[in-house]
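>>> Based on what follows, work out the 3D shape:
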Amino acid sequence: MGALDYLSNFCTVTSTRSKRKPMQTVEIKVKMDCDGCERRVKNAVKNMKGVRNVEVNRKQHRVTVSGYVDPNKVLKRVKNTGKTRAKFWPYIPYNLVQQPYESQVYDKWAPAGFVRNVQAVPMPNAAQDDGVTYLFNDDNTNACSIM
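Numbering: from 1, shown residues only. Model prediction:
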């Protein structure tokens, strides 16, 4: 049976199925000031493979794309329409922020009811500062001898 197994490996057809992307919503901020800009962006995105729904809000300068798409490919397609300053939507609704009273959160260009999405920055570890002070310690044999 060894020869039969060896020959069957040549006869089998291996089909590789591509894994389907998950359903997701991509929001992009892009400056649109006329009907032509809106139409150009909408047509470019809705012709992509896997797109189910495209919503354009010219007042908020926002494009929402729903479907089985890659967010980076959607952003690249929007930038190829001539809107090179397009970026992912940087705002979140005001009521989702636990404590929006930080100066970094408020943005005067944010739409009404939205604040900037700022992730919490971890505080630096105090152990790193000990290494700097140890360099100038008198007990350190490798300390600076100029002083």
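
>>> Quick check: buried residues in the longest helix seen in the chain?
The single longest helix within the chain, with elements called by DSSP state H, is helix 35-46. Within helix 35-46, the residues scored as buried using 16 or more other C-beta atoms under 10 Å are C37, E38, R40, V41, K42, A44, V45. (C-beta placed from N, C-alpha, C; glycine too.)

>>> ok, so of those, who is nearest R58?
E38 (5.4 Å; C-beta to C-beta).

>>> and the gap between that closest one and Y68?
Distance of E38 to Y68, given as C-beta to C-beta, to the nearest Å: 24 Å.

>>> give me the low-pLDDT residue ranges for the chain?
Counting by pLDDT under 70, the chain shows low-confidence ranges at 1-2, 12-18, 97-107, 118-138, 140-147.

>>> all helices in it, in order from the N-terminus.
All helices of the chain, identified by DSSP H, fall at 2-11, 35-46, 71-79, 127-135.

>>> The longest one versus helix 71-79: what angle between them?
Right, helix 35-46. Inter-element angle recorded for helix 35-46 and helix 71-79: 150 degrees (by axes from the mean of the first three to the mean of the last three C-alpha atoms, to 10 degrees).

>>> How about residues contacting helix 35-46?
Residues outside helix 35-46 that contact it (C-beta atoms under 8 Å, 6 or more residues apart in numbering): 30-32, 51, 54, 56, 58, 63, 65, 74, 77-78, 80-83.
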